[in-house]
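**Student:** Got a predicted model here, sequence first, then my questions.
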Amino acid sequence: ERRAAVAERLEKRRLAVEGLTASLAEIDEEKRAAIERAEFPLEGLGFAEEGVTLGGIPFAQASAAERLRASVAIGLALHPDLRVLLVREGALLDDDALRLVGELAAAHEAQVWVERVGDGDEGAIVIEDGAVISTPGTASPERAEGVAQ
């Protein structure tokens, strides 16, 4: 009698586990289908159990150029009407990466503001001690006339 009761409880639990396993399989299929239907701003962008993937590998393992390209695409997709991106720590970008950012911005008709430390590259607005000292088109990095300070 005791053995029959234990066997009955075991069978109920086995059926419950099977039901939960089937529910999890349905949830996994719903997630997979939702991700498949989603419109990503960049081909190859996706999700895995670990998080965001790019080209099937974890985002953090993608090359710097691939991560940059994806970040620009995501930024533009999140705010398509704004069309302005801010790149902080732009000093970490080499000339090729900066060129890539410029090309991506031009392709999407967007502006990119890059925060860098330097002597005033072409097109740069130079800010020193909190004041604008030169803007594109000014001849020297002295206080730019007509620029709000």
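**Tutor:** Done, it's in.
**Student:** Please name the residues that touch residue 73.
**Tutor:** Residues in contact with residue 73 (CB atoms under 8 Å, 6 or more residues apart in numbering) are 41-42, 45, 104. The C-beta positions use only the backbone N, C-alpha and C, and glycine is treated the same way.
**Student:** Closest one to residue 6 out of those residues, please.
**Tutor:** residue 45 (51.4 Å; CB to CB).
**Student:** Check the spacing between the closest one and residue 31 real quick.
**Tutor:** Computed with CB to CB, to the nearest Å, the distance linking residue 45 and residue 31 is 16 Å.
**Student:** who's more crowded, those two?
**Tutor:** Summary of the neighbour comparison: residue 45 and residue 31, criterion other CB atoms under 10 Å, with residue 45 having more neighbours (17 against 11).
**Student:** Helix, strand, or coil at residue 132?
**Tutor:** Residue 132 carries the three-state label strand when classified by DSSP: H, G, I helix; E, B strand; the rest coil.
**Student:** Confirm for me that it is in contact with residue 126.
**Tutor:** Yes: with contacts defined as CB atoms under 8 Å, residue 132 counts as touching residue 126 at a distance of 7.1 Å.
**Student:** Have a look at the two and say which one is more surrounded.
**Tutor:** Set side by side, residue 132 and residue 126 show more neighbours around residue 126, with 18 against 15, by other CB under 10 Å.
**Student:** Verify the contact between that one and residue 117 for me.
**Tutor:** No: using CB under 8 Å, residue 126 is not in contact with residue 117, being 10.7 Å away.
**Student:** And the strands in this structure?
**Tutor:** Here the chain has its strands, by DSSP state E, at 45-48, 51-54, 57-58, 84-87, 111-114, 126-128, 131-134.
**Student:** so for the longest helix seen in the chain, what's the average pLDDT?
**Tutor:** When secondary structure is assigned using DSSP state H, the longest helix within the chain turns out to be helix 2-37. Across helix 2-37, the average pLDDT comes to 94.
**Student:** And stretch 110-127, by the same measure?
**Tutor:** For stretch 110-127, the per-residue pLDDT values average out at 79.
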